[in-house]
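*Asks:* Next one to model:
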Amino acid sequence: MEDEDDERTGTFAMRNPPNTEKRVLVVDDSEVIADTLAMVLSAEGFHAVASYSAADALKLLQSESFDVLISDVMMPGMTGIELAMDVARRRAVRAVLLMSGVAGTADLLENARKLGYSFEILAKPAFPTDVIKKIQQLLA
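*Replies:* Numbers count the residues shown, from 1 in each chain. Here you go, the predicted structure:
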């Protein structure tokens with residue numbers, strides 16, 4: 001990977017952004033959160049797609065492949081943990097990262113563990129750098 005500075009325009013460009021081959025599906029019922037996180041990840045070189053429900057995410061996973069699923073835990077309808085278990089069972093992604101701002105998710109995670117699933121979880125609000133670092137660790 002080589003970086004280039006263009007002194008004429010004052011821009012900085014990377015010839016080969018480091019994460020362009022990594023596809024991330026971001027799922028959150030808050031469109032602002034999903035869109036913002038997808039934009040941050042895209043700016044870091046990931047191919048990021050936002051989805052606003054577990055049902056829509058499952059539809060996307062039928063037609064597209066993703067390396068990482070990032071999902072909010074507490075969503076109407078299917079929870080992020082239920083989505084993660086379904087995706088893990090079908091081996092639809094390489095890694096799952098859950099995010100939650102609700103303390104009550106511990107019980108949901110414990111139930112998933114009893115069923116044999118273990119997922120990484122970040123507390124909301126999560127700093128974008130923490131999310132990027134965790135994705136890179138999961139894919140390493």
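*Asks:* Please count neighbours and contacts with C-alpha atoms only from this point.
*Replies:* Will do.
*Asks:* A92: neighbour count?
*Replies:* 20 (other Cα atoms under 10 Å).
*Asks:* mind listing the helices for the protein?
*Replies:* For the chain, helices defined by DSSP state H occupy the ranges 31-43, 54-63, 80-89, 105-114, 128-139.
*Asks:* And those: which comes nearest D72?
*Replies:* helix 80-89 (5.5 Å; Cα to Cα).
*Asks:* Take the closest one, keep the C-alpha atoms, and write them as PDB.
*Replies:* Output in PDB follows, covering the C-alpha atoms of helix 80-89 (Å, rounded to 0.1, in the frame of the first residue of the first chain):
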ATOM      1  CA  GLY A  80     -29.800  -8.600  17.300                       C
ATOM      2  CA  ILE A  81     -28.900 -11.800  19.200                       C
ATOM      3  CA  GLU A  82     -31.500 -13.800  17.400                       C
ATOM      4  CA  LEU A  83     -30.200 -12.400  14.100                       C
ATOM      5  CA  ALA A  84     -26.600 -13.200  15.200                       C
ATOM      6  CA  MET A  85     -27.600 -16.800  16.100                       C
ATOM      7  CA  ASP A  86     -29.400 -17.300  12.800                       C
ATOM      8  CA  VAL A  87     -26.500 -15.900  10.800                       C
ATOM      9  CA  ALA A  88     -23.900 -18.000  12.800                       C
ATOM     10  CA  ARG A  89     -26.000 -21.100  12.400                       C
END
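*Asks:* Show me how far it is from its chain's centre.
*Replies:* 13 Å (Cα atoms, centre = their mean, to the nearest Å).
*Asks:* Now do it: which elements does it pack against?
*Replies:* Judged by 3 or more Cα pairs under 8 Å, 6 or more residues apart in numbering; DSSP states H and E, helix 80-89 is in contact with helix 54-63, strand 68-72, strand 95-100, helix 105-114.
*Asks:* Tabulate the helices of the chain (a markdown table), appending distance to E120.
*Replies:* Output for those, formatted as a markdown table (distance: least, Cα to Cα, whole Å):
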| stretch | distance to E120 |
| --- | --- |
| helix 31-43 | 17 |
| helix 54-63 | 18 |
| helix 80-89 | 11 |
| helix 105-114 | 10 |
| helix 128-139 | 9 |
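*Asks:* Alright, I will stop here.
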